[in-house]
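*Asks:* Structure for this input, please:
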Amino acid sequence: MADSDNTTTLPFVIDRQGDKPDGHERQTIDPALGLWSGWRQARYASLLLCRVQQRLEARMMANTGIPVLTPGESLSWRMSVAAPDASAEYAAAREAEVFAMTEALKFQDAIPSVAALSLAGIIAKLEMIVGADRDIGDPTDFPWPHIASVLHDLKAFAGDLAAYRPDRTITRADVARHWDEAIKLVTALSSEESEQHAPVL
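*Replies:* Model (predicted):
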């Protein structure tokens, strides 16, 4: 009797996994997959902006404008003249990265309020939770390895999610939006600082 129960449930599982809709259809069917997709996009934009910030920081450190630290007299003169612009650009890149990371965190914060309607949706939610361990102090502490273990088991049973392929158009739009917000913030802060240090007549 137990054997016949096992054989009757097996086709049901296979049929459920056999007809898999494409990525867009799955996201409309399961809101958890849409949340996961938005989170991946936000994290990718923040990674790009982090790289921009790191490049600008390295450039500023290599070109200090101080003749002793920067080889070449003409180069040091040019960099000292351009230093305020480089500093403002670096500040904008840093703030843009913060805006992008904040957007990714908003997707993570929405996990409890979004119901997964499939195993893929559950895996997507766990992917986001495990992804958050990169931002914490020690990912080896409980419950992070345990959650990662559950995610691994689920993927072995139900299959992995599709590999992430960023959409260039969306990525450019996201990066440009965060950059514009950052420039507005840096400009406003700079104006406020200038007003505070302006001589009183």
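*Asks:* Pretty sure Leu154 sits against Ile123.
*Replies:* Yes - counting by CB atoms under 8 Å, Leu154 touches Ile123, with 5.4 Å between them. For every residue, glycine as well, the C-beta is placed using N, CA and C.
*Asks:* Of the two, which one has the most company?
*Replies:* For Leu154 versus Ile123, neighbours defined as other CB atoms under 10 Å are more numerous around Ile123 (23 against 17).
*Asks:* Convert the C-alpha atoms of the host helix or strand of the more buried one to PDB, please.
*Replies:* Element membership for Ile123, per DSSP states H and E: helix 119-131. What follows is the C-alpha trace of helix 119-131 in PDB, where atoms were taken according to Å, rounded to 0.1, in the frame of the first residue of the first chain:
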ATOM      1  CA  LEU A 119       9.000  26.600  -4.600                       C
ATOM      2  CA  ALA A 120      10.900  28.900  -6.900                       C
ATOM      3  CA  GLY A 121       9.500  31.900  -4.900                       C
ATOM      4  CA  ILE A 122      10.600  30.300  -1.600                       C
ATOM      5  CA  ILE A 123      14.100  29.800  -3.100                       C
ATOM      6  CA  ALA A 124      14.100  33.400  -4.300                       C
ATOM      7  CA  LYS A 125      13.300  34.700  -0.800                       C
ATOM      8  CA  LEU A 126      15.900  32.500   0.800                       C
ATOM      9  CA  GLU A 127      18.500  33.800  -1.800                       C
ATOM     10  CA  MET A 128      17.800  37.300  -0.700                       C
ATOM     11  CA  ILE A 129      18.100  36.400   3.000                       C
ATOM     12  CA  VAL A 130      21.400  34.500   2.400                       C
ATOM     13  CA  GLY A 131      22.600  37.400   0.200                       C
END
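*Asks:* For it, which outside residues touch it?
*Replies:* 26, 30-33, 35-36, 39, 43, 107-108, 111, 114-116, 144, 147-148, 150-151, 154-155, 157-161 (CB atoms under 8 Å, 6 or more residues apart in numbering).
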